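Novice: I need the structure of the sequence given here:
(chains A and B)
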Amino acid sequence: MTDGEIRELCNRFFDAYQDRRVDELAEIYAPDCIVWHNVFGRDTTGAENLAALPKSYTGQRRRTYDDRTINTFAGGFVIQYTLAGVQHSGHRGALWICIVGLCKDGRITRIDEYMDSSKFAAWAGAGRIS
Amino acid sequence: MTDRELRELCNRYFDALERRDVDAVAEMYAPEFSFWVNLTGAASSREENLKTLREGYALLRRRTYDDRRIDTFAGGFLARYSVNVVQHSGRRGSFAACIVAQCKDGRITHIDEYLDSSKFRLPRGGET
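Specialist: Below is the predicted model of the structure:
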């Protein structure tokens, strides 16, 4: 995949995630896609990730993936972004996240996500965890 | 910088961090170097980062940067790795992290670091 194709795939992925288009995410994930998260330290399948999304989306009024800085390398991308959330209470929060996506044949085959779980409570408007 | 030069700089950087060679790290940082980490969301200067490194070494017996997976892009590198630490008490810990580094003329000009702070909190009252 070219630099342009990888960047386009990356933005399509985040646009779909933001707009809650799970069907399009299913098209973007390769059948063998793996999602790994530094907070849990274990692999989940793309199917498991997709199955968890509808419930996950009910947690906030809105989530946007802003300030996207994308760099591509052979076979993938690294994206640094701000996850801005608006809770149902109206509370606004932001998380700084980095995702590494491996890509093949126009699809994402693996995602490694890095974030700081200590920020979750403040993001959700529940105050800081001491 | 070529792919090979970026990879070499990346490994040299982590090797220097491991052996606590702050002088070597300082040589790899460009004068305008800045360091940002997702824990604070704030950028620190070259001198502030070097000071943090010197002070941080006293807190642990050993820290290694293992399982390095390096990818390069135009003007920088991405490194995913495991940080393995041994506290003075002998207690061991490990967490995954990644950095995105911007490089120019053989030096690092900026680092963004992403990690999960809940993974490396020292036990309350425990020996560090």
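Novice: for the rest of this, base every contact and every neighbour count on C-alpha atoms.
Specialist: OK.
Novice: what is the least confident helix or strand in chain A?
Specialist: helix A:120-123 (a mean of 92; mean pLDDT, DSSP states H and E).
Novice: relative to B:A43, how far out is the closest residue to chain B within chain A?
Specialist: Residue nearest to chain B within chain A: A:D116 (4.0 Å; C-alpha to the nearest C-alpha). To B:A43, A:D116 is 16 Å away according to C-alpha to C-alpha, to the nearest Å.
Novice: mind checking which of these two has more residues around it?
Specialist: A:D116 (20 against 17; other C-alpha atoms under 10 Å in any protein chain shown).
Novice: what residues does stretch A:20-30 touch?
Specialist: Stretch A:20-30 has contacts (C-alpha atoms under 8 Å, 6 or more residues apart in numbering or on different chains) with A:9, A:13, A:16-17, A:46-47, A:50, A:53, A:57, A:106-109.
Novice: I misspoke; the intended subject was stretch B:38-57.
Specialist: With C-alpha under 8 Å, 6+ apart, stretch B:38-57 has contacts from A:96-97, A:115-116, B:20, B:22, B:25-26, B:29, B:31-37, B:112-117.
Novice: ok now do A:R110, which residues does it touch?
Specialist: A:R110 neighbours (C-alpha under 8 Å, 6+ apart): A:33-36, A:101-103.
Novice: so A:L102 makes contact with A:F73?
Specialist: No. If you go by C-alpha atoms under 8 Å, A:L102 and A:F73 don't touch, sitting 9.3 Å apart.
Novice: out of these two, name the residue with the larger neighbour count.
Specialist: A:L102 (21 against 18).
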